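Participant: pasted the sequence and its predicted model underneath.
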Amino acid sequence: MRKVLFLDRDGVINSDVGHYYIYKKKDFVLNDGVVEAMLLAIKNGFEIIVITNQGGIAKGEYSKTEVQKVHDYLIEILKEKGISILDIYYCPHHNKIEKCICRKPSGLMIEKAISRYNVNKELSFLIGDNNKDVEAGNDAGIKGYLISSNENILPLANLLLNE
């Protein structure tokens, strides 16, 4: 069974300072410590899955194609640093537009990843910058940890991965 570090995207992996939605490569900037935290996770036998709400799609702010371009860019940046992402799950819905069962705080995206990749829930965890992230982890049966938006996650990763 796999150990997985689940990460929220905007505000955890990348900075969302000055932007409500991040859907352009030029606006996508990695947060301090995220590369080091991912490398530490990999060194400790974890794989990485991104779980993100992208409600701007439903609101017509940007398209699925634009989200995919940003995700491809993220994968490219991380690959250059020796990091491979197992998968990226995103919810394109917004509850002001439509009802859905996958948008965080629902744990459905995480549950799908757990099932698809044979994830050990007891050894895996999630880091997010919103209570909805933590609730989604708990809903899926994994421990969720809350950080402040755009906080350096390396200190928390050190604490969790070196226990």
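Facilitator: All right, it came through fine. Computed from a prediction, not measured in an experiment: that's the story for all the values here.
Participant: grab the longest helix from this structure for me.
Facilitator: For the chain, the longest helix by residue count, based on DSSP state H, is helix 64-80.
Participant: which neighbours does whichever helix or strand comes after that helix have in its sheet, and in what orientation?
Facilitator: Counting by DSSP states H and E, the next helix or strand C-terminal to helix 64-80 is strand 87-91. Each strand that pairs with strand 87-91, with its direction, by DSSP bridges: strand 46-53 (parallel).
Participant: and the direction of the strand it pairs with versus that of helix 64-80, what angle?
Facilitator: 160 degrees (axes from the mean of the first three to the mean of the last three CA atoms, to 10 degrees).
Participant: count of residues packed around Lys81?
Facilitator: 11 (other CB atoms under 10 Å). C-betas here are computed from N, CA, C, even on glycine.
Participant: how about the residue lying closest to it once chain neighbours are set aside, what does it touch?
Facilitator: In this structure, Lys81 finds its nearest non-sequential neighbour in Val35, 5.3 Å apart by CB to CB, 6 or more residues apart in numbering. Residues in contact with Val35 (CB atoms under 8 Å, 6 or more residues apart in numbering) are Leu78, Lys81, Ile83.
Participant: I'd guess Val35 is in a strand, am I close?
Facilitator: No. Using DSSP: H, G, I helix; E, B strand; the rest coil, the assignment for Val35 is helix, not a strand.
Participant: any idea how far Ser15 is from it?
Facilitator: 13 Å (CB to CB, to the nearest Å).
Participant: do the same with Ile48
Facilitator: 18 Å.
Participant: and for Leu78?
Facilitator: Distance from Leu78 to Ser15, by CB to CB: 15 Å.
Participant: quick revisit: identify, from the contacts of Val35, the entry nearest to His19.
Facilitator: Of all these, Leu78 has the smallest distance to His19: 20.2 Å, by CB to CB.
Participant: show me the shaky parts of this protein.
Facilitator: 163 (pLDDT under 70).
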